[in-house]
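Chemist: Below are the sequence and a predicted model for it; my questions follow.
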Amino acid sequence: MDDMTRLAERARAGDVEAFGALYTLVYQDMFRYAYYMLGQREDAEDAVMDVVGEAYAQIRHLRSAEAFRGWIFRILSANIKRRRKGYLSKDAELTEAMAETVAAPNSDFSANADLREALTSLPEQDRTIILLHIFGGYTSAEIGRMLHMKDATVRSREKRALEKLRKTMV
């Protein structure tokens, strides 16, 4: 049993410190995912904080301690989807906002504006697939289950999206 699983077991039993340690383990990847999906540091921070509160309130309902990472990313993904529905801006406006974000969101994360702009040019589902794979560490089968797709479809969409990113970045 790995550390995350042990902590998730303790958190499910009501251990607040264990939940805090879990949050520390996944925060960076959650923030990166939210930042690339939303394009603004403040929006990403808000999304992650909302998810942490929601996850803490629901941790006792986590079916399997081994599934913690996937579970919290599904909550984050749903939160981002709700936030994006509330946004009046179109992708072009989101791209412009991302380009204006010059400073790295934190010292461990130095994404460049060109990459952020290229990501916003992708359809949302393709962007989600890439970010879940890169920052969430999910396999195509896991992403397929989250997005209700066949894992082969996930792989082909990711391949096409990465090819488009490469062309855009050249």
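Modeler: That came through, no problem.

Chemist: only C-alpha atoms for contact and neighbour calcs from this point on.
Modeler: OK.

Chemist: Quick check on residue 138: phi, psi?
Modeler: The phi and psi values for residue 138, taken as degrees, to the nearest 10, are phi -80, psi 150.

Chemist: Residue 121 too?
Modeler: According to degrees, to the nearest 10, residue 121 has phi -80, psi -20.

Chemist: Can you report how many residues neighbour it?
Modeler: Residues lying near residue 121 (other Cα atoms under 10 Å) number 19.

Chemist: Roughly how far does it sit from residue 129?
Modeler: For residue 121, the distance to residue 129 equals 14 Å [Cα to Cα, to the nearest Å].

Chemist: now do residue 13
Modeler: 32 Å.

Chemist: Could you check which of those two is surrounded by more residues?
Modeler: residue 129 (23 against 13).

Chemist: Figure out the helix or strand that that one lives in.
Modeler: Taking DSSP states H and E as the criterion, residue 129 maps to helix 124-134.

Chemist: who's in contact with whichever helix or strand comes after that helix?
Modeler: Later in the chain than helix 124-134, the nearest helix or strand by DSSP H and E is helix 140-147. Applying Cα atoms under 8 Å, 6 or more residues apart in numbering, the contact partners of helix 140-147 are 74, 129, 132-133, 149-155.

Chemist: do that again at 7 Å, thanks
Modeler: 129, 150-151, 154-155 (Cα atoms under 7 Å, 6 or more residues apart in numbering).

Chemist: from what I can see residue 31 touches residue 46, true?
Modeler: No - with contact defined as Cα atoms under 7 Å, residue 31 does not count as touching residue 46 (9.6 Å).

Chemist: Which one's more surrounded, those two?
Modeler: residue 31 (24 against 14).

Chemist: give the contact list for that one.
Modeler: Residue 31 is in contact with 44-45, 48, counting by Cα under 7 Å, 6+ apart.

Chemist: now swap in residue 161 and tell me
Modeler: 122, 126.

Chemist: how close does it get to residue 120?
Modeler: Distance from residue 161 to residue 120, counting by Cα to Cα: 11 Å.

Chemist: which regions of the chain sit below the pLDDT cut-off?
Modeler: Applying pLDDT under 70 to the chain flags the ranges 86-112, 170.

Chemist: Name the single longest helix found in it.
Modeler: For the chain, the helix with the greatest residue count under DSSP state H is helix 16-38.

Chemist: buried residues in it?
Modeler: Using 16 or more other Cα atoms under 10 Å as the test for burial, helix 16-38 gives 18-19, 21-23, 26-38.
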